[in-house]
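Colleague: Would you be able to build a 3D model of this:
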Amino acid sequence: MRELGAICQELDERLVVGFGGVSEYGITVRWDKNFLTVLYVTLARNRLLQLHGGVRFGGTLDLDDAWALGFDHVALAAGAGRPTFIDMKNNLARGIRKASDFLMALQLTGAYKKSTIANLQVKLPALVIGGGLTAIDTATELLAYYPVQAEKTLARTDTLRAELGEQAFRAMFDEEEWATLSEHLAHGRELQEERARAAAEGRARPRGRWSSAGAGSRSCTARPSKTRPRTA
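Modeller: Alright, predicted model coming up:
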């Protein structure tokens, strides 16, 4: 690898590389999660390090197996383990989600990607209870994800209507579902119309993309170097 740009991806298309936890879906690398890929590549180049996915400690591999394989230390990096439950009546009522649950669902399912069919539905306005980093995370991601959701819904709805016909398509939803869908479709059309107006008026596209890494996120770029780049 000669240039940093060789491993950089648009943040709303970036593949999750397996860090998980706050590193992957939290504020730790909020503004450019391509730096997680840099860490991954740096670790993978170490000849004394091996990365294995799909291994469950206590099942696929237990402590005795680890000793037999020559390991000297076992670190249990399990994270928080569960979301923080609010001491409030009906805090698990319909329409309410824990912040950590929402962030994990958004990032680990790839719901923010145009290509995914992950089912993660949100509505605005939304109320975020809290004032810490996780609350800021959640509010930022809600604002970033909703336009993506609205436009994805509009595009897929148009496809289904063309394939099934309007009557058959409408019959798939009850009244409550139809009301929610109609709201998302209306917002999706407004977004498309605004993009068209912006293009016609020559308004500059903002630097950065509304994507999985939050408002105003942009992927890393390789800057020209005055010296010959080193080969890794």
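Colleague: hey, C-alpha coordinates of stretch 100-113 in PDB?
Modeller: Output of stretch 100-113 as PDB, limited to C-alpha atoms (Å, rounded to 0.1, in the frame of the first residue of the first chain):
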ATOM      1  CA  SER A 100     -27.000   1.600  22.300                       C
ATOM      2  CA  ASP A 101     -29.500  -0.800  20.700                       C
ATOM      3  CA  PHE A 102     -30.300   1.700  18.000                       C
ATOM      4  CA  LEU A 103     -26.700   2.500  17.200                       C
ATOM      5  CA  MET A 104     -25.700  -1.200  17.000                       C
ATOM      6  CA  ALA A 105     -28.700  -2.000  14.800                       C
ATOM      7  CA  LEU A 106     -27.800   0.900  12.500                       C
ATOM      8  CA  GLN A 107     -24.200   0.100  12.100                       C
ATOM      9  CA  LEU A 108     -24.000  -3.700  12.400                       C
ATOM     10  CA  THR A 109     -26.900  -4.300  10.000                       C
ATOM     11  CA  GLY A 110     -25.600  -1.700   7.500                       C
ATOM     12  CA  ALA A 111     -29.100  -0.100   7.500                       C
ATOM     13  CA  TYR A 112     -27.500   3.200   6.400                       C
ATOM     14  CA  LYS A 113     -26.300   1.700   3.100                       C
END
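Colleague: Off-centre distance for that stretch?
Modeller: 5 Å (Cα atoms, centre = their mean, to the nearest Å).
Colleague: Where does Asp87 sit: helix, strand or coil?
Modeller: The three-state label given to Asp87 by DSSP: H, G, I helix; E, B strand; the rest coil is coil.
Colleague: okay, now it: neighbour count?
Modeller: Using other Cβ atoms under 10 Å, Asp87 has 6 neighbouring residues. Heads up, the C-betas are built off the backbone N, CA and C, glycines and all.
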